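Enquirer: got a predicted structure plus its sequence, pasted below:
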Amino acid sequence: QVQLVESGGGLVQAGGSLRLSCAVSGPTFSYYNVGWFRQGPGKEREFVAGMSGSGGNTDYADSVKGRFTIFRDNAENAVYLQMHSLKPEDTAVYYCAARGRSFLVVRGSSDYDYWGQGTQVTVSS
C-alpha cells in the first residue's frame, strides 16, 4: 500500500515562493509516476505537474509552466513542487498523487491510484 503525506503549504504574498513536499511510503517508489494536483475554492481538481517514475518526463499545466518545478528524490522517497512567482489564483489545496509507472505523464486525476490528504496554499494579493 502506498501512502502519501504532503507538507509545506502556507500563506505567502503574491510574487513569493513555496516548496511543497510529499513523503511517499511503500515499495519501490521509483516504480510510480507522481503528480501534483490542486483544487481551488469552488473549482474542480486540476492537474498541476507530473513526472514519470524515472524522472525522465515531466509535464506542466500551462498556468504554471515556467513558475513551478516538480522533482523527485527516489532515494528519499519524496516528490517536491517548487513554486515561484505565486499568484492569488494559485490559492488552492494541493495534492500529490501516484500511479503505476508509465513512459508518459498523464493528467487525469482518475488515472492516479494513491492520494495524499492535501496541503493548503494561500496567496495574498
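Expert: On my side now, so go ahead.
Enquirer: pretty sure Gln1 sits against Ala98.
Expert: No - at 11.2 Å, Gln1 does not count as touching Ala98 under the criterion of Cβ atoms under 8 Å. (Glycine included, C-beta is placed from N, CA and C.)
Enquirer: more neighbours: those two, which one.
Expert: A direct count of neighbours by other Cβ atoms under 10 Å for Gln1 and Ala98 places Ala98 higher, at 24 against 6.
Enquirer: so what strands line up beside the helix or strand encompassing that one?
Expert: Using DSSP states H and E, Ala98 maps to strand 92-100. Partner strands for strand 92-100, per DSSP bridges, with pairing direction: strand 32-39 (antiparallel), strand 114-115 (antiparallel), strand 119-124 (antiparallel).
Enquirer: so which of those strands is nearest Asn77?
Expert: Nearest to Asn77 among the strands paired with strand 92-100 is strand 32-39; the distance by Cβ to Cβ comes to 10.0 Å.
Enquirer: after the closest one, which helix or strand is next?
Expert: Remark: after strand 32-39, the chain's next helix or strand is strand 46-51, criterion DSSP H and E.
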